[in-house]
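> turn this into a structure:
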Amino acid sequence: MKPWLAVPVVLALGLGVRAFTGGDFAKYAGVALYATLIYALLSFWLRPLWAAIAATGFSWAVEFFQLTGIPADLSARSTLAHLVLGSTFNAPDLFWYVVGAALGVVIVRRKASPGPGAA
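Numbering: from 1, shown residues only. Down below sits the predicted model:
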């Protein structure tokens with residue numbers, strides 16, 4: 001899937017999973033799809049491996065930022081802040097961000113590279 005299509009599809013999936021399912025599945029699927037969305041955005045500019053590393057790093061940075069309490073305060077005042085920053089640190093999320101970035105590598109494709117012998 002091309003990045004320009006992956007971004008809205010992954011965003012819709014993430015919001016849909018959180019809205020229409022519940023429990024651990026909704027939480028961790030949402031976390032993984034967050035990293036997939038970041039991957040899709042970064043894949044416009046970065047090669048797949050670098051986009052995956054950057055998406056994981058960004059997601060981890062947001063997760064560790066939650067330890068400051070600032071995201072919780074902002075999330076209490078804004079739904080958008082809650083969607084982007086979350087509110088509370090949860091160590092298992094770190095694993096699910098890696099899963100989401102890997103999912104991005106699998107589903108998001110930039111342009112096809114020319115095969116052998118292509119001029």
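> can you pull up the most central residue in this protein?
For the chain, the residue whose C-alpha lies nearest the mean C-alpha position (CA atoms, centre = their mean) is A35; its distance is 1.7 Å.
> any idea of the mean pLDDT in the strand or helix carrying it?
Counting by DSSP states H and E, the element that carries A35 is helix 23-42. The predicted model assigns helix 23-42 a mean pLDDT of 96.
> which residues outside the very next helix or strand once past that helix are in contact with it?
With elements assigned by DSSP H and E, the helix or strand that comes after helix 23-42 is helix 48-65. For helix 48-65, the surrounding residues in contact (CB atoms under 8 Å, 6 or more residues apart in numbering) are 34-36, 38-39, 42-43, 45-46, 71, 84-86, 89-90, 93-94, 97-98, 100-102, 104-105, 108, 110. C-beta here means a position set from N, CA and C on the backbone, and glycine is covered the same way.
> tell me which residues of helix 48-65 are tucked away?
Of the residues in helix 48-65, those buried under the neighbour-count criterion (16 or more other CB atoms under 10 Å) are P48, A51, A52, A54, A55, T56, F58, S59, V62, E63.
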